[in-house]
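S.K.: Below are the sequence and a predicted model for it; my questions follow.
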Amino acid sequence: MAQDVTVYGPIFDGRADLALTQACQESERSIAILGASMLRQFAARMFRRESNPPYYRFKVEAKATAPGWKIWDQDVIYGPWLEGTGSRNRTTRFKGYRLFRITSARLQMMARGIVEGVISRYSNRWQ
């Protein structure tokens, strides 16, 4: 009574798994690069007195790390003060620009659309 079953297709030969992994990696990369760009643009609008050349904005970048991507300011010494999380912000009138927090919130709203666009491009690879 035993019958042989033949399986084939993208789920069984690994194409779907590979495409999904690549889509996730590209999604992370796209979101990080967009976030760094948004942060630099936001800083250009918010800073009242910016150095010439704009040192802080040039330090903001998206970088691939071990678990994924990160957006950072390359640990600029006054970065926490600009963000508003430094110890000096408690003792001065300046409470920070909240660049990273605001950019993060905006990215969260945009992330689904970005990921859906990437997934739709990669879905062709497993058909």
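M.R.: Alright, I've got the coordinates. Residues are numbered from 1 along each chain as shown.
S.K.: quick one: the least confident helix or strand in the chain by mean pLDDT to chain centroid distance?
M.R.: The helix or strand of the chain with the poorest confidence is helix 10-13; it has a mean of 78 (mean pLDDT, DSSP states H and E). Remark: helix 10-13 is offset 30 Å from the chain centroid, using C-alpha atoms, centre = their mean, to the nearest Å.
S.K.: and the residue positioned nearest the centre of the chain, what is it in contact with?
M.R.: Among the residues of the chain, the one closest to the centroid is residue 32, at 2.2 Å (C-alpha atoms, centre = their mean). Applying C-beta atoms under 8 Å, 6 or more residues apart in numbering, we find residue 32 in contact with 62, 63, 68, 69, 70, 71. (C-beta placed from N, C-alpha, C; glycine too.)
S.K.: where does the chain dip in pLDDT?
M.R.: Regions of the chain meeting the criterion pLDDT under 70 cover residues 1-2, 125-127.
S.K.: how about the helices of it, start to end?
M.R.: Secondary structure of the chain (DSSP state H): helices at 10-13, 15-46, 55-59, 79-83, 99-123.
S.K.: now these in TSV, with distance to residue 3?
M.R.: Listed next are the helices of the chain as TSV, based on distance: least, C-beta to C-beta, whole Å:
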stretch	distance to residue 3
helix 10-13	18
helix 15-46	25
helix 55-59	65
helix 79-83	64
helix 99-123	32
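S.K.: what's the closest of these to residue 90?
M.R.: helix 79-83 (10.8 Å; C-beta to C-beta).
S.K.: which other helices and strands contact the closest one?
M.R.: The contact analysis (3 or more C-beta pairs under 8 Å, 6 or more residues apart in numbering; DSSP states H and E) places helix 79-83 against helix 99-123.
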